[in-house]
Every structure is written in C-alpha cells, then in structure tokens.
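> 3D model of this:
(one chain, ligands or ions: 1)
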Amino acid sequence: MKRVLIANRGEIALRIVRACHEEELEAVAVYSVADRASPHVRAADQAVAIGPASPSQSYLNIDRLIEAAGEAGADAVHPGYGFLAERAAFAEAVEAAGLVWIGPPPAAIRAMGDKTEARRRMQQAGVPIVPGASAPIDDIGPALGLAREVGYPVMVKAAAGGGGKGMRVVRTPDELPGALQTAASEALKAFGDASVYLEKLIVQPRHVEIQVLADRHRTVHLGERECSIQRRHQKLVEEAPSVAVDAELREWMGAAAVSAAEAVGYRSAGTCEFLLAPDRSFYFLEMNTRIQVEHPVTELVYGVDLVREQLRIAAGEAMRVHTGWLNPRGWAIECRITSEDPANGFLPSTGRIEHLRIPGGPGVRWDGGVDVGDEVTLHYDSMLAKLIVWGPDRGQAIRRMRRALDELAVLGVATNQGFHRRLLADPAFQAGDIDIQFLDRRPDLAQPRLSDGELLQVAVAAALAEDEARRSRRPTVGGDDRGSDAWIQSARHEALR
Ligand code: MV4
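Below is the predicted model of the structure:
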C-alpha cells in the first residue's frame, strides 16, 4: 500500500490525509465543484475532481470514485464516515477493482446493517440485546403477544433503520396497530424497506458506545464514549470515559463489544452502540462499521491513533496496541462546532467564513475542515469542525473546554458556539447528570442569555469603553472582568495599537 484515495471531504478527509502522511503514505483527495479549494484538497498530495456539488453526483458516485482511484494510481480507498462508508456494495466495488478497502469486510457491514439480523447474530454470540423481536413483524396478533410478553412501553423500529427514523414509542396495546403502520411507511420512505420489529422501551438510558479495533490476529476494545448529549439523533458533545462506567462495567461492556465484532468476522475500527440503563444493565443497539466522528476522544484517553491503525490493519500489518496500555488516562471531551443557529431551532446557516480564530494551547485539538474564505453551503453536513480537549480529570477537561470555547471565534456564519458555552457552564452537565433526553428537558441551553436589545447595549458600552481606552492610550489591565472573552481581548488589542 503506497497511495490512498480518500473518498470523503471536510474534516475527516483532512484527518485521514494527516494519518497517511504519518504512515508515509501518499494521500489522494477527491473533490466536488464546491470543494475545489478546501483544506482537504490542499493538504493532499494529489486531488481528483469527481463532479458537481450535489453528493449523488460526486461523493456518492461509486463508479466515478473507482475511476478516480485508477487515474491517480491509488492502491487503497479510505471511505471516512457518512457518504459510502457503510455501503457493502462500495467496499465490494473497491475490492473488485483490485484496491485495498480500508474498512471492515463487506459481509460484516451487511450483517450489521440489517438490524434484526444483527440482533439474531448478537443473541447467538451472547451479547445482551433489548428484549423483543429478532425477526420483522408483519401481523398485529404476534405483535400484541410479544409486546405483552416484554411489557409496555415498547418501541417499534425499522429493520433497515438506524439514526432514529421509523421509530415509535407505544405505551398501550391500542396504540400498537397505528404505530406499526406509521413506522412501516416511514421506514419504506427512508430505507426502501417497510420491515419493522419491536423491543421493550429502555427508560432514561444513556447512550454509551464501545470502540473496537480488530486485526487478523486479535480484537480489542478501547473503552467507552458517552454520547448522551444529542438532539434529534445528532450528537453534539461526546466524552471519554463516561461518569456512569467504572472499570468493572467497562470490562463487561468491552467484552460484549469484542464478542459482537468477532461474531461477524470484524476487522478495522468499529463501534458498538449500547443503551445503558440507570440500573447499570446495558443492551447492544447496533454496530457502526466505520470510523466515527467522535473517535478523537478515545484517541486522547487511550493514546492510540485509530486512523493510523486502520491503515496498518488494511495493509495486513498487526495493530500497535498492547494489551497493557488499554486503560483510559484522564478525560477527553469533544464539542461539534456546527453552522447551526441554536436560537433559531438549530437551523443550518450559510455564508462565507469571514474570520476564524482557532483555539490552541495545552490539551487542545482542533479537527477542522474549513478555512477563512470558504463558503458554507447547504450541500453538505453542517459540522465545520470538532473542538477536542484532554484534561487529567473531568473537571479540568470541562474547564479547559470552556477556555478553548472562549478563544474560538467564527464570523460569517451562525454557529452553535454559544450553546456549547452554556452547556459546559451548566451545573447538571458538570455533575454528569445526563441521559439521552437531557437536551429535550433543557431548551434554555439553546437560547442566548442576552436578548438582541441587551446585546446591542453591551456592544455600545464596549465600543465606548474601547474608545476611551484608546484615547488615553491606556492598556486595559486588571479590572474585574475575567479577561477571557474574545470581545474584551479584541478591545484590549485595539487599545494598544
Ligand atoms: C431505543 C431507545 C429506547 N429503548 N431502543 C435511537 C436510534 C437508534 N439507534 C436506537 N434508538 C433508540 N433505541 C429501546 N428499546 C431509545 C433510542 C433513542 C436514542 C438512542 C441513542 C441515542 C439517542 C437516542 C435518542 C432517542 C431515542
């Protein structure tokens, strides 16, 4: 393996370019018309234009991507996440073209992609699953019987699902027929497959996932990530480890995840998603057969570069992970910085990045995919970057993230930066008192503390203060502010000119 084509864009494409360079591999970027000057293109050793901005004609175009690999002389393909990463047909097309697929075997992708098949395979392997059906349900009679057996409330889910589409909570038997109907039609629309099944509803769970890594000799786990801070199935903050998981529970969940991976012949990096109930019982939900957005928090507490290990494993080498290392050290937190406006229902915002100040300093990592001057459009995902911090413990990681968020400045598009600052300052979040419904209960975190009118008053006051400071050529030192806000620092800089 010498030259890797990266079938993706944005921050993950740049992340993979960096891993290639550290492994002394050449990186080939692909780009749509909208991305011709993007950071991932500029960082790569070669770049191939693959089509129009619309994903279906570029990043989702299997034939064009295989052709691009040929044009560039690439001998391997890394899919990143999203787009074609979990399409078994893409993995097969890559291998059929004589290229190395940097990911799990297509059969493992397929087995985990069908949720009822995955449940059957997990049950076989002794992995705990939520009580419920392990085959699609097509009749109300058996459905009522099963729901009664596992106990209400139950959840109806799409067999082809994932990501929360085609899901319905059912609290009483009379709600079941309607829920089966709507879930099936939603599933048909979203996945082209109307099959549904049902499970007992787990109440107030956390979403905890286990990272696994497998080469041809061994399958290991790298502990958990706590992913409960989410809104409409979009994760916003992730951390490792989880306050709800101690060393003993970690070994139970880790062993279950390793069994899950082994049961489907897994290779490469993968993630088993679990629901963790308040009584510490845990249930396998699904396996994500790709590198995930939130992989950096695991990297920081385990000291393992997951993307470099993916490259090594794909090349047939053994992973450089020693069993003795496999304990989390300290605490890592990731905030997804998106071009979404929390005050406006997290509506995606567009525009040109006019200014970007990237946080730095001890324990701070920025995995970004945009630069000053780049245009943020509605063609792609709204995630601009991930801000990740490490600290010796959770309290210090939170403190460090708040400092890094204070340093961050993005001008030109609305972002969720303010939301993250309010969340990280929140006593309930700081106490680790979270579950998957946390943000549903806290709409206040989406709203700025100051109204537009109040903000205007503050801006006028700041301008007057700046003017006074500049007139008297007096550097603003001391005072009773914390001195960490970007406005204050900007005013101070101006005063010293
Ligand atoms: C559940 C559940 C409660 N009980 N299954 C959502 C997406 C899909 N991956 C599975 N999901 C859930 N399945 C049972 N039996 C609650 C959810 C769920 C959820 C899970 C993980 C992260 C966020 C979530 C938000 C809402 C519901």
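> Up against the ligand, what does the chain have?
130, 155, 162, 164, 199-202, 207, 230, 233, 275, 285-286, 436 (CB under 6 Å from any ligand atom). Any C-beta I mention is one placed from the backbone N, CA and C, and that applies to glycine too.
> can you pull out the helices in the stretch 201-350 of the chain?
With DSSP state H, counting those that start in this stretch as the criterion, the stretch 201-350 of the chain has helices at 247-263, 295-302, 306-314.
> With mean pLDDT and mean neighbour count added, can I get the ones you listed in CSV?
Below are the helices of the stretch 201-350 of the chain laid out as CSV (pLDDT from 0 to 100; neighbours: other CB atoms under 10 Å):
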stretch, mean pLDDT, mean neighbour count
helix 247-263, 97, 19
helix 295-302, 98, 25
helix 306-314, 98, 22
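> before we move on, the earlier item: and the least confident of the residues of the chain next to the ligand?
Lowest pLDDT of the residues of the chain next to the ligand: Gly162, 71.
> Quick one: residues contacting that one.
For Gly162, the contact set (CB atoms under 8 Å, 6 or more residues apart in numbering) comprises Lys115, Glu286.
> For it, give its distance to His207.
Between Gly162 and His207 the computed distance is 13 Å (CB to CB, to the nearest Å).
> One more: Asp393?
22 Å.
> More neighbours: those two, which one.
Just comparing Asp393 and His207: by other CB atoms under 10 Å the higher neighbour count belongs to His207, 22 against 10.
> so what's the closest residue to Arg216 other than its chain neighbours up against?
For Arg216, ignoring the flanking residues on the chain, the nearest one in space by CB to CB, 6 or more residues apart in numbering is Arg267 at 6.8 Å. For Arg267, the contact set (CB under 8 Å, 6+ apart) comprises Pro104, Pro105, Ala108, Ala214, Asp215, Arg216, Ile313.
> Between the residues you listed, identify the one with the most neighbours.
Highest count within the contacts of Arg267 by other CB under 10 Å belongs to Pro104, 27 neighbours.
> Is that residue in contact with Gly270, as I believe?
Yes: assessed by CB atoms under 8 Å, Pro104 is found in contact with Gly270 at 6.1 Å.
> where do the contact lists of the two overlap?
With CB under 8 Å, 6+ apart as the test, Pro104 and Gly270 both reach Thr289.
> Could you pull out the strands in the stretch 301-450 of the chain for me?
331-338, 340-341, 347-348, 351-352, 355-357, 364-368, 375-376, 383-391, 409-411 (DSSP state E, counting those that start in this stretch).
> Highest mean neighbour count out of those?
By mean neighbour count, with neighbours taken as mean count of other CB atoms under 10 Å, strand 331-338 ranks first of those at a mean of 25.
> elements contacting it?
When contacts are defined as 3 or more CB pairs under 8 Å, 6 or more residues apart in numbering; DSSP states H and E, strand 331-338 packs onto strand 234-240, helix 295-302, strand 383-391, helix 394-407, helix 417-424.
> Select, out of these, the one closest to Glu95.
Checking the helices and strands packed on strand 331-338 against Glu95 by CB to CB gives helix 295-302 as the closest, at 23.8 Å.
> now the strands of the stretch 301-450 of the chain as a markdown table including mean pLDDT?
As requested, the strands of the stretch 301-450 of the chain are exported to a markdown table (pLDDT from 0 to 100):
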| stretch | mean pLDDT |
| --- | --- |
| strand 331-338 | 98 |
| strand 340-341 | 97 |
| strand 347-348 | 97 |
| strand 351-352 | 98 |
| strand 355-357 | 98 |
| strand 364-368 | 98 |
| strand 375-376 | 97 |
| strand 383-391 | 98 |
| strand 409-411 | 98 |
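> What's the separation between Ser268 and the ligand?
Here Ser268 is placed at a distance of 21 Å from the ligand (CB to the nearest ligand atom, to the nearest Å).
> Could you shift the numbering so residue one becomes 36, and keep it that way?
Okay, using 36 as the starting number, the last item reads as Ser303.
> Can you report how many residues neighbour that residue?
Look at Ser303: counted by other CB under 10 Å, it has 25 neighbours.
> Point me to the residue of the stretch 386-532 of the chain nearest the ligand.
Ile471 (4.2 Å; CB to the nearest ligand atom).
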